[in-house]
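Undergrad: no FASTA, just this:
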């Protein structure tokens, strides 16, 4: 199989549970609104702004890229992450991304009571908690009394492994199976069909895959240069020149 044919086959095998296709689908505000109305069980929900691959910076440490960030008419901010592999501590991932997002949307001088509410939605192919539920709402409680307390954050974990015949489980089938239409989710189904069956859509996904792989190769090369500096095989100046960076920029990578 030629390189181009392999890229095309990979593109056509994608489903919304894959980051690459999810991000392209999330460029549509209608898709985001339809999806969140199901996930948050609110048929009147309005999405005012959708930002796929939203970069949330941390000047002191690790930044993150959210698969999707949405601003609702209620003022709440929702961020979504899709994950296929069960290879990390996903609760800590959600915690970190939520806290970093909160710090980025809070302007200097904002009173704590005015910081927007943040809803974290984690979509996975697997059952994170292994309790046999398609959706989990994680809330804060006072251990001594059992009372629920709210600090402006919500965590919702949704998975495609458990089918409880709910609308959420039905939508998850569209996320993981090679089905192109469900009349209950017309916007999501139509956009998925475009990227999986039309020439224009498949070509666009091929470009995304090639770009992502090129970025991954570049990141791998950068990681190698950092490792060589830490092993005293290269000087910071030599590595920075190879990476087309300033010495100060590269030194930050070595020290991080």
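TA: Perfect, I can see it now. Model, not experiment: these values are computed from the prediction.
Undergrad: going forward, measure contacts and count neighbours with C-alpha atoms only.
TA: OK.
Undergrad: right, and residue 159 touches residue 129 too?
TA: No. In this structure, residue 159 is not within contact of residue 129 by C-alpha atoms under 8 Å, at 9.8 Å.
Undergrad: Name the residue in these two with the higher neighbour count.
TA: residue 159 (25 against 12; other C-alpha atoms under 10 Å).
Undergrad: neighbours around the nearest residue to that one once chain neighbours are set aside, how many?
TA: Of all residues not flanking residue 159 in the chain, residue 124 sits nearest, at 4.7 Å (C-alpha to C-alpha, 6 or more residues apart in numbering). For residue 124, the neighbour count with other C-alpha under 10 Å is 24.
Undergrad: And residue 124, its phi and psi?
TA: phi -130, psi 160 (degrees, to the nearest 10).
Undergrad: where do the strands sit along the stretch 151-256 of the chain?
TA: 153-159 (DSSP state E, counting those that start in this stretch).
Undergrad: Residue ranges in it under the pLDDT threshold?
TA: Across the stretch 151-256 of the chain, the ranges flagged by pLDDT under 70 are 180.
Undergrad: try 80 this time
TA: 179-181, 256 (pLDDT under 80).
Undergrad: so where do the helices sit in it?
TA: Ranges of helices in the stretch 151-256 of the chain, per DSSP state H, counting those that start in this stretch, are 167-176, 186-197, 199-230, 236-243, 247-255.
Undergrad: now the first one and strand 153-159, what's the angle there?
TA: Interaxial angle of helix 167-176 relative to strand 153-159 (axes from the mean of the first three to the mean of the last three C-alpha atoms, to 10 degrees): 60 degrees.
Undergrad: before we move on, what about the second one?
TA: Using the same axes, to 10 degrees, one finds that helix 186-197 and strand 153-159 are set 50 degrees apart in direction.
Undergrad: residues in contact with helix 186-197?
TA: Outside of helix 186-197, the residues within contact range by C-alpha atoms under 8 Å, 6 or more residues apart in numbering are 11-16, 21, 25, 30-31, 34-35, 174, 180-183, 200-202, 204-205.
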